[in-house]
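1. sharing a model prediction with you, sequence too.
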Amino acid sequence: MRPNAAGALELVLGVMTSPSARLNRDNLRALSHAEPDIAQRAHLAFVLGDLHCTRNPTVGEAAKHGDIVYIAAPDCTSWYRAQKFHVWFKFAVRRWPHVPWIGKVEDDALYRVSSVLRDLSALDHHEPWYYGILAFGGSCSFQEECPGGASAAGCCGGCFAKALSPYPQQAARCSSGASCPPPHCAVGYGG
């Protein structure tokens with residue numbers, strides 16, 4: 001990170017949450033968000049879609065803590081997560097155009113903001129970086145496509161879960177760390 005003027009934000013971190021995750025938000029406020037001197041360097045915001053199903057149960061909490069951001073994203077079911085991430089990043093870039101780092105975390109993860117800031121300070125914010133862990137999940141489209149009548153979990157567990165019995169011919173390749181997605185499986189983003 002380039003040196004900023006005193007008091008300039010270095011990081012905006014959107015915490016993806018849902019109205020029912022109040023305990024997660026309270027825990028993060030007490031732990032990760034309570035680190036000394038973080039408020040001067042990072043803005044931490046819980047992110048919800050701007051809909052009745054999310055705003056109504058959280059409006060009092062938002063007024064009390066001032067750390068909830070409502071964005072124009074569908075958010076009443078968990079299947080809108082990818083769209084919500086996308087809207088969050090577009091919103092954050094417009095809202096905080098001069099902050100060098102914008103990120104996203106989940107409300108069920110504990111993170112040390114000071115460590116994230118330290119790690120980011122070693123990187124050039126003008127270059128594209130991915131910092132974190134990306135989780136993938138898979139699912140079978142059709143039960144009958146699984147070899148040997150294996151269950152859907154066994155089929156798509158395949159190489160991802162190291163359950164290689166449905167794919168003995170791929171065991172050596174999977175064990176070596178090579179890419180070997182099971183046939184007819186769709187890969188999706190995990191949250």
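-> Arrived safely.
2. element containing Leu48, please.
-> Leu48 is part of strand 42-49 when elements are defined by DSSP states H and E.
3. after that strand, which helix or strand is next? Please name it.
-> helix 52-55.
4. before we move on, back to that, mind saving the C-alpha coords of the strand holding Leu48 as PDB?
-> Extracted C-alpha coordinates of strand 42-49, given in PDB (Å, rounded to 0.1, in the frame of the first residue of the first chain):
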ATOM      1  CA  ALA A  42     -10.400   0.300   7.700                       C
ATOM      2  CA  HIS A  43     -14.100   0.700   7.200                       C
ATOM      3  CA  LEU A  44     -15.900  -2.500   8.000                       C
ATOM      4  CA  ALA A  45     -19.500  -2.800   6.800                       C
ATOM      5  CA  PHE A  46     -22.100  -5.600   7.100                       C
ATOM      6  CA  VAL A  47     -23.700  -5.900   3.600                       C
ATOM      7  CA  LEU A  48     -27.400  -6.600   3.100                       C
ATOM      8  CA  GLY A  49     -29.600  -6.200   0.100                       C
END
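5. what about the strands in this protein?
-> 11-16, 42-49, 68-71, 101-106, 136-140, 185-189 (DSSP state E).
6. just to revisit the earlier point, so what touches the strand holding Leu48?
-> Strand 42-49 has contacts (CB atoms under 8 Å, 6 or more residues apart in numbering) with 9-19, 25, 28, 32-33, 38, 54-55, 58, 67-76, 80, 84, 88, 96, 99, 104, 107, 113, 116-117. Yep, even glycine has a C-beta here, placed from its N, CA and C like the rest.
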